[in-house]
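S.K.: sequence plus the predicted model coming up.
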Amino acid sequence: MSRVGVMVLGPAGAGKSTFCNSIITHMQNVGRRGHIVNLDPAAEPNKYEFTVDIRDLISLEDVMEEMDLGPNGALIYCFEYLLQNLDWLDEELGDYNDEYLIFDCPGQIELYTHIPVLPNIVRHLQGQLNFSLCATYLLEAPFVIDSSKFFSGTLSAMSAMILLELPHINILSKIDMVKDEYSRKRLKRFLNPDSSLLLQAADSDTNPRFHKLNQAIAELVDDFGMVQFLPLEAKNDDSVGTIISYIDDVTQWAEGQEPKEPNDEVEIEEM
Ligand SMILES: Nc1nc2c(ncn2[C@@H]2O[C@H](COP(=O)(O)OP(=O)(O)OP(=O)(O)O)[C@@H](O)[C@H]2O)c(=O)[nH]1
């Protein structure tokens, strides 16, 4: 059996590190083992110790100082350096078999939407290190309540999906921050989206000049059939457990085993 790896992706502040920690807490609760692999060279101190930490190879702060680069240039430099030193990663990941490895990725989504840094790391993990990988993509629930922002978030999720070519799970994080009944009702539309309803909502929010574009995006969302979002509240172990069972399903599928029956439509709790 190959090793299972979960890539945790999404824009800055979407809740990626918190989600990684919640996965570890859940794993501990159910007697499974998981480890966090930190791929963010600018990571803050974390609740759980990182088992593998890119900062042991290179840190953003050092690169900015020594190469006189700004944060974005330095980040790209760090990843190019990692790509030139993948044997370091191989060695660090060497002994972890039959355990979950959770890859906490930086929030600069250009690393997987514009330049092929993360796709190259993914190919290496799959090809050289025999990982069965799955991508989780987090979008903040309070942010996407508005249809046009939902479209924009969905397109960035889709872009990551196309570039990484991994089994892909979308997550609406910080669901607990959507409190009032009206907003929670709106949010439900985004968990199992019906593109014609989304289109109506987007059209009512945008200038008619953009209606054709809305239509095209709604069709794209429909064609891909990938836009189901799972709700996440980091402190709610049940919501984390549900996502982990999806990860288990898709990574088994990725290994060529039969997937379980698809889960029922996702709901958020009534207030
Ligand atoms: N209310 C609530 N807050 C959350 C949740 N998940 C994360 N947060 C908060 O959101 C903020 C950002 O979370 P992080 O986990 O650091 O986000 P990140 O995506 O790792 O951020 P970057 O590393 O900057 O890309 C923190 O203040 C978290 O406490 C959640 O489910 N509910």
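M.R.: Arrived safely. Numbering: from 1, shown residues only.

S.K.: now the helices for this protein?
M.R.: Along the chain, the segments classed as helices by DSSP state H run 16-29, 60-67, 71-84, 86-93, 110-113, 117-127, 141-144, 147-164, 181-191, 195-205, 211-224, 237-254.

S.K.: chain center to the first one, what's the gap?
M.R.: If I follow you right, that is helix 16-29. Mean C-alpha position of helix 16-29 versus that of the full chain (C-alpha atoms, centre = their mean, to the nearest Å) differs by 14 Å.

S.K.: give me the buried stretch members for it, please.
M.R.: Neighbour counts over helix 16-29 (16 or more other C-beta atoms under 10 Å) mark 16-24, 26-27 as buried. The way it works is simple: take the backbone N, C-alpha and C, and place the C-beta from them, glycine included.

S.K.: and which of the residues you listed is nearest residue 108?
M.R.: Among these, residue 16 lies closest to residue 108 (C-beta to C-beta), at 11.8 Å.

S.K.: could you find the closest non-adjacent residue to the closest one?
M.R.: residue 8 (4.7 Å; C-beta to C-beta, 6 or more residues apart in numbering).

S.K.: next one: residue 61
M.R.: Computed as C-beta to C-beta, 6+ apart, the closest residue to residue 61 that is not its neighbour in sequence is residue 42, at 7.4 Å.

S.K.: my guess is the one you found contacts residue 64, does it?
M.R.: No: contact criterion C-beta atoms under 8 Å: residue 42 and residue 64 do not qualify, at 9.3 Å.

S.K.: give me the common contacts of these two.
M.R.: Taking C-beta atoms under 8 Å, 6 or more residues apart in numbering as the criterion, residue 42 and residue 64 both touch residue 71.

S.K.: what distance do you get for the residue nearest to residue 26 when sequence neighbours are not counted to residue 203?
M.R.: Taking C-beta to C-beta, 6+ apart as the measure, residue 26 lies nearest to residue 240, with 4.6 Å between them; neighbours along the chain are not counted. According to C-beta to C-beta, to the nearest Å, residue 240 and residue 203 sit 36 Å apart.
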